[in-house]
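Peer 1: model the following, please.
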Amino acid sequence: MGALRIAALAFAVLALVAGGLQLAAYFSGAFARHLILGVFACAVGVSVGAATVASMWRSRR
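Peer 2: Have a look, this model is predicted:
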């Protein structure tokens, strides 16, 4: 697995963790900006993760 794929997976995990923490902050009673940032970060994490997995799948064929 290439270094870029490892970096992409690490970025996806980091974005999902950050999004989860933002959503937790929103649900604990914080401002709506936490909800917006949390949804955006989770969307970025899922998008990058899906692209990385698709790239890995294509290279194995």
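
Peer 1: what average pLDDT does the lengthiest helix in the chain get?
Peer 2: Secondary structure of the chain read by DSSP state H shows that its longest helix is helix 32-60. Helix 32-60 shows a mean pLDDT of 94.

Peer 1: only the buried residues of it, if you could.
Peer 2: Neighbour-count burial for helix 32-60, with 16 or more other C-beta atoms under 10 Å as criterion, is recorded at 34, 37-38, 41-42, 44-45, 48-49, 52. No exception for glycine: its C-beta is placed from N, CA and C like everyone else's.

Peer 1: can you lay out those as JSON lines showing distance to Ser59?
Peer 2: Compiled in JSON lines, these are given as follows (distance: C-beta to C-beta, whole Å):
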{"residue": "His34", "distance to Ser59": "37"}
{"residue": "Leu37", "distance to Ser59": "33"}
{"residue": "Gly38", "distance to Ser59": "32"}
{"residue": "Ala41", "distance to Ser59": "27"}
{"residue": "Cys42", "distance to Ser59": "26"}
{"residue": "Val44", "distance to Ser59": "23"}
{"residue": "Gly45", "distance to Ser59": "21"}
{"residue": "Val48", "distance to Ser59": "17"}
{"residue": "Gly49", "distance to Ser59": "16"}
{"residue": "Thr52", "distance to Ser59": "11"}
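
Peer 1: identify, from these, the entry nearest to Leu21.
Peer 2: Nearest to Leu21, judged by C-beta to C-beta, of the buried residues of helix 32-60 is Gly38 at 7.7 Å.
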